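>>> Kindly return the folded structure for what I paste below:
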Amino acid sequence: MDLFKKAKGIMTKNNFITTGPEARVESIAIALISGEVSGLPVINNDNKVVGVITEFDIIRAIKAGKNIRNLTAEDIMTKNPITVNEDTPVNEIVDILETKNIIRVPVVDKYSKLIGIVSRRDILKGVTEIEGAPQIWF
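As a prediction, this is how the structure comes out:
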């Protein structure tokens with residue numbers, strides 16, 4: 001049961017989409033729509049998290065008159081995003097999501113390499129019963 005009180009117990013480990021800094025924003029927008037997610041971690045060639053790009057980042061760029069066909073993720077992503085490690089308590093992650101008004105936080109190892117994501121949905125799954133097994137309770 002204690003496993004579910006930390007990021008490693010509830011994080012999405014391999015069923016998520018990432019993008020690179022050089023990816024075209026137009027392609028990212030299509031991936032966001034197709035993947036039914038609202039944001040993606042941006043990782044470099046070493047799998048290190050260098051940013052996050054969200055629907056709102058793209059909308060802001062369009063509002064500013066930019067053509068998304070001419071932009072890369074690096075042009076509009078949030079650089080140096082907030083990350084957590086796999087031992088970060090879920091309570092702390094909830095505080096981060098709430099105070100920073102974000103939907104997800106990348107989970108990284110000691111080398112800043114992406115190993116998972118914790119989203120609001122992951123937390124909701126964690127506090128409900130899945131297949132009859134109770135999950136986290138703060």
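>>> Which pLDDT does the model give the nearest residue to Lys113 once chain neighbours are set aside?
Spatially, and ignoring its direct neighbours in sequence, Lys113 is nearest to Asn47 (4.5 Å; C-beta to C-beta, 6 or more residues apart in numbering). (Glycine included, C-beta is placed from N, CA and C.) pLDDT recorded at Asn47 is 95.
>>> If we go by neighbour counts, what in the host helix or strand of Arg60 is buried?
Taking DSSP states H and E as the criterion, Arg60 maps to helix 55-63. Using 16 or more other C-beta atoms under 10 Å as the test for burial, helix 55-63 gives 55, 57-58, 61.
>>> Generate a markdown table for those residues, with distance to Lys125 and pLDDT as supplementary columns.
Compiled in a markdown table, the buried residues of helix 55-63 are given as follows (distance: C-beta to C-beta, whole Å; pLDDT from 0 to 100):
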| residue | distance to Lys125 | pLDDT |
| --- | --- | --- |
| Glu55 | 22 | 95 |
| Asp57 | 26 | 96 |
| Ile58 | 27 | 97 |
| Ala61 | 32 | 97 |
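>>> Give me the neighbour count for the residue nearest to Lys113.
Neighbour count for Asn47, taken as other C-beta atoms under 10 Å: 15.
>>> before we move on, the earlier item: now the two most distant members of the buried residues of helix 55-63.
Greatest spatial distance in the buried residues of helix 55-63: Glu55 and Ala61, 10.9 Å, computed using C-beta to C-beta.
>>> For Ala73, give me the pLDDT.
Ala73 is given a pLDDT of 98.
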